[in-house]
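S.K.: just to be clear, the model below is a prediction. Sequence and coordinates:
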Amino acid sequence: MALITEDHLEQQCCEWFTELGYTHVFAPQLDSDGTSPERTDFRQVILTGRLRSALQRLNPEVPESTIESAVLQLANPNVPGLLASNRQFHRWMTQGLPITYMDGNQQVGIRLKVIGFDDSASNDWLVVNQLAIQGSKHNRRPDVVVYLNGLPLAVIELKNPADEKADIWAAFNQLQTYKQDIPDLFTPNVLLVISDGIQARVGSLTADRERFLRWRTISGENDLDPLGAHRDLETLVRGMFDKGRLLDFIRSFCLFEEDGQIIKKIAAYHQFHAVQAAVERVVEASKPDGDKKGGVVWHTQGAGKSIEMACLAGKLLTDPRLENPTLVMVTDRQDLDGQLFGVFAGAGDLLGEPPKQADSRQELRELLGNRPSGGIIFTTIQKFATDPEEDKFPALTDRHNVVVICDEAHRTQYGFKGRFDTKTGEIKYGLAKALRDALPQATFLAFTGTPISQDDRDTQAVFGHYVSVYDIQQAVEDGATVPIYYESRLAKLALKEPLLPQVDEQVNELFSDEDDIPAAERAKSRWAALEALVGAEPRLQQVAADLIAHFEQRSRTQPGKAMVVAMSRDICARLYEAIVALRPDWHDDDPKKGAIKVVMTASASDEQYLQPHHTTKQQKKDLEKRFKDPADPLKIVLVRDMWLTGFDAPCLATMYVDKPMKGANLAQAIARVNRVFKDKPGGLVVDYIGIAPQLKEALATYTASKGKGLPTIDTSEAVRILKEKLQVARDLLHPIDWSGFRDPKTAMALLPNCLDHILELPDGKQRYCDTVLAMTKAFALCGTLDEAMALNDEVTFLQAIRAPLVKGDGTDGGDGGAPKNVDFQLRQLMSDALVADGITDVFKVAGLQKPDLSILSDQFLAEVSKIPQKNLAVELLQRFPRFQERCHPFDPSIRGLEDMTNAPIQRGR
């Protein structure tokens, strides 16, 4: 006799439900010939007696005849199609069943409560096992069915943990069969569960197997796997089917989308708990004496932040403590605004009202300024820019129940410090301050996959402590995202020996007639030199050939699309030409055809060779749709910056990186390939330029310590430092009377006097610059506080004094740009002087045998540090942290372009 059977697991599962307060009944007892009959025949899946009793209990004022009509309507929804029927049924459960009845001579219309969400004891909770159901062709017997008020809301299919052939995916397949054979069982369905006793997964009615995920908590997100790693089913039952949590889940964590077909989505455990925590933080922060900091939700890319935000919005809008709040959804890009708006627009049942999108600055002011309560307003932060005649953005509302939710908040929410305009003497502020000026009593909540913690930019310092953290490692463990693998294919270069002495002389000739010396110096900066190296024609030809061979080989074993990230629009266009020269059939002038496209911003002043890649807004949308469609022939896109954030294409499997990146930008970019898709085992990042050290550093940031704890610099400490450094700066300016600095004309007159005074002091320049820099960093961390805002203008003027002191010494560097003609000639020189020297797998050169390494593995992190400096690519890899600095110009008297290129190239020989 078997020691462990499926029946044992079934009985154990039902016992867990009884411990949660459910009644357990063996299903045959409910049959017409059973000991407690509740079904008239085997086709009946709704227990109408329990449903009738629940409706009477929840709606005592409604006549019995009306209750009976409601029972008949719920038992026979008469909506064609399972998914449409399920969506309609979910509306009835969460919003009530609309009915009318006669009260005397008056017709009354109400929404009949189907579920008692405010009191779990007002509902009927039942779990049954071995429910025999007669279908149109076959009879089926699900293992466990969970009933709420007589409605079958969950189906659990189990497999024998001791049978090596019976795994959870056999249970998944069985559920798919049930949906075909006994669809009536799934009309009210909320959850599908599969388990073999060791593993367990939960999914929605439309979820593919990759969207069946673990539920790893019982009471909260910080309590992962509380019963142990191999007790998934018990954790799921106790965590999801707790009566209060299940009611909350039904009402606030299920949503439907429609894009040609209905898709039902449900929250994962990390989303569920994050929303709960965020609601409590927002309620507390929004009180009249609250700090207005709603906190930071740090959830890695691909973990479903859009769904999470929609669920959060639904709960905030219905929380009575917030008294019908207004939600302002802020992004920093039009495409992100549109994407998020689309999710919310499709979640109308969950939100209860349609969102509104501000199309202009004026419309934004009207939407917020004339609103007494409620509403969901979408906008980009750029619409908070002041009008030319305004000194500051006007307050649109001083209500406390306004909640601002910032998506990808790490990018644009630090603009609190002023900027002194040296031409007009006016002080101008960033958009983050304008946003807070417009909504002075609002509570601010941040969502980001890559929070920033730097000396002068700290996401937590602006928004408050972390509400929830769900990092890359945890997402991979849960199957919410796929692993990302790394492959190095660094492109080597060598100088043509006869040209070596001529390089510097020719570069100097390029700049001999340039009036704009600073721009020329920037062109000779490390960044310009690197771009010239990367964009050298021999190298691009080499990368194109290798990329084609690699992609075609990979496509044979791992179908999927690819994204190529290049250093500039120029390189994108020229790499495109190199690729289609080798694969001409991939090219097509028609944006709706072709296998490869460049996706980039466009300008009317672009040179001729860039113009074939110009696209309209609609054409970009069409390209996006094409690329996201696995069946569309478009399989490769080349980008510089576009689509590297907020872009979700699950079929994207490979990213070819030929652009220096680091930190948040790198983490955001590589996450494009981590989306779950069919049998995709993982995403691959192919490195042509040497990002391994930056990748290691980014992973340390975005997986270390799970982000728990206090902000890197506490805001109260930042205020103390701000005041201390401000006083030091004041003392350094003594005895200059600069009290009239708030008047633009006076400020302009004061600047030269202040500069002269500082330069006369012993070591005055260094002391003043260091002091103001420390003051500025502190202000950036606490700029949302009233104490800091009161000092804003003074801080800005002191910064204006510092600016001329650092302009001439390279301290603040240039932007790395150069005149187009110089940039072009520099590129031509590099193309002539360099020859390609092959594609190198640096791990193979180093004697390391595994070319594909998970970026989260200890092996990857260890092996990056072992790579020897044997060629140009490895040398550049070691040098990129310096290249990524702000491109300090080189003094031509110290070092020429030959030196800049010669050192890394020669060391690579």
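M.R.: Sure thing, it's come through.

S.K.: how far away from the center of its chain is the helix or strand harbouring residue 656?
M.R.: Here residue 656, judged by DSSP states H and E, is contained in strand 652-658. Its chain's average C-alpha position is 18 Å from that of strand 652-658, according to Cα atoms, centre = their mean, to the nearest Å.

S.K.: mind saving the C-alpha coords of it as CSV?
M.R.: These are the backbone C-alpha positions of strand 652-658, laid out as CSV (Å, rounded to 0.1, in the frame of the first residue of the first chain):
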residue,chain,number,x,y,z
LEU,A,652,12.4,40.0,-26.5
ALA,A,653,15.1,37.5,-25.6
THR,A,654,18.4,39.1,-26.5
MET,A,655,20.0,42.5,-25.9
TYR,A,656,23.2,43.4,-27.7
VAL,A,657,24.9,46.2,-25.7
ASP,A,658,27.4,48.5,-27.5
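
S.K.: give me the sheet partners of it and which way each runs.
M.R.: strand 561-566 (parallel), strand 683-687 (parallel) (DSSP bridges).

S.K.: ok, then the element right after that strand?
M.R.: Downstream of strand 652-658, the first helix or strand assigned by DSSP H and E is helix 663-670.

S.K.: and the angle for that next one with strand 683-687?
M.R.: 120 degrees (axes from the mean of the first three to the mean of the last three Cα atoms, to 10 degrees).

S.K.: quickly list the domain ranges of the chain.
M.R.: 6-258, 267-470, 484-705+817-907 (automatic domain parsing).

S.K.: helices of the stretch 151-300 of the chain, start to end?
M.R.: Along the stretch 151-300 of the chain, the stretches classed as helices by DSSP state H, counting those that start in this stretch are 168-181, 232-240, 243-252, 269-285.

S.K.: the second one - contacts with which helices or strands?
M.R.: Looking back up the chat, that one is helix 232-240. Under the contact criterion of 3 or more Cβ pairs under 8 Å, 6 or more residues apart in numbering; DSSP states H and E, helix 232-240 touches helix 6-19, strand 191-195, strand 200-203, helix 243-252. Bear in mind the C-beta positions are built from the backbone N, C-alpha and C, glycine included.

S.K.: at 10 Å instead, please
M.R.: Where contact means 3 or more Cβ pairs under 10 Å, 6 or more residues apart in numbering; DSSP states H and E, helix 232-240 is packed against helix 6-19, strand 144-148, strand 151-158, strand 191-195, strand 200-203, helix 243-252, helix 269-285.

S.K.: next one: the third one
M.R.: Using 3+ Cβ pairs under 10 Å, 6+ apart as the contact definition, the elements that helix 243-252 packs against are helix 82-95, strand 144-148, strand 151-158, strand 191-195, helix 232-240, helix 269-285, helix 305-318.

S.K.: of all these, which lies closest to residue 111?
M.R.: helix 82-95 (6.2 Å; Cβ to Cβ).

S.K.: for the closest one, give the mean pLDDT please.
M.R.: The average pLDDT for helix 82-95 rounds to 97.

S.K.: which parts of that helix are buried?
M.R.: 82, 83, 85, 86, 87, 88, 89, 90, 92, 93, 94 (16 or more other Cβ atoms under 10 Å).

S.K.: who's in contact with the third one?
M.R.: Contacts for residue 85 were tallied using Cβ atoms under 10 Å, 6 or more residues apart in numbering; they are 77, 78, 79, 183, 184, 186, 187, 188.

S.K.: hmm, 6 Å instead?
M.R.: Contact criterion Cβ atoms under 6 Å, 6 or more residues apart in numbering gives 77, 79, 187 as the residues in contact with residue 85.

S.K.: do you know how far the first one is from residue 600?
M.R.: Per Cβ to Cβ, to the nearest Å, residue 77 is found 50 Å from residue 600.

S.K.: look at those two and report which has more neighbours.
M.R.: Neighbours around residue 77 and residue 600, counted as other Cβ atoms under 10 Å, are more numerous at residue 600. The numbers are 23 against 16.

S.K.: that one against residue 571, yeah?
M.R.: No. Contact criterion Cβ atoms under 6 Å: residue 600 and residue 571 do not qualify, at 10.7 Å.

S.K.: which elements pack onto the longest helix along the chain?
M.R.: Identified as the longest helix of the chain according to DSSP state H is helix 537-557. Under the contact criterion of 3 or more Cβ pairs under 6 Å, 6 or more residues apart in numbering; DSSP states H and E, helix 537-557 touches strand 490-495, helix 569-582, strand 834-840.

S.K.: quick one: that helix to helix 569-582, angle?
M.R.: Going by the same axes, to 10 degrees, helix 537-557 makes 60 degrees with helix 569-582.

S.K.: next, the buried residues of helix 537-557.
M.R.: Buried residues in helix 537-557 (16+ other Cβ under 10 Å): 537-548, 550-551, 554.

S.K.: ditto for stretch 637-652
M.R.: Here stretch 637-652 shows 637-640, 642-652 as buried, counting by 16+ other Cβ under 10 Å.

S.K.: so where's the stretch 601-750 of the chain uncertain?
M.R.: 702-716 (pLDDT under 70).

S.K.: for the chain, same thing?
M.R.: 1-4, 335, 409-430, 452-459, 492-529, 702-716, 780-785, 807-837, 840-853, 855-909.

S.K.: okay, which residue is most central for it?
M.R.: When Cα atoms, centre = their mean is applied to the chain, the residue found nearest the centroid is residue 301 (4.2 Å).

S.K.: OK, contacts around that residue?
M.R.: Residue 301 neighbours (Cβ under 6 Å, 6+ apart): 449, 671.

S.K.: so what does it have for phi and psi?
M.R.: Main-chain torsions, residue 301, degrees, to the nearest 10: phi -60, psi 140.

S.K.: and it, how far from residue 683?
M.R.: Taking Cβ to Cβ, one finds residue 301 at 11 Å from residue 683.

S.K.: likewise residue 326?
M.R.: Taken as Cβ to Cβ, the span from residue 326 to residue 683 is 39 Å.

S.K.: and if you look at residue 148?
M.R.: 40 Å.

S.K.: what does residue 329 give?
M.R.: 28 Å.

S.K.: likewise residue 191?
M.R.: 29 Å.

S.K.: do the same with residue 368
M.R.: Counting by Cβ to Cβ, the gap from residue 368 to residue 683 is 40 Å.

S.K.: looking at these two, which one has more neighbours?
M.R.: residue 683 (25 against 22).

S.K.: residues contacting that one?
M.R.: 482, 484, 653, 673, 674.

S.K.: just list whatever residues bridge to it.
M.R.: Note on residue 683: beta-bridge partners by DSSP bridges are residue 484.

S.K.: do residue 191 as well
M.R.: residue 154.
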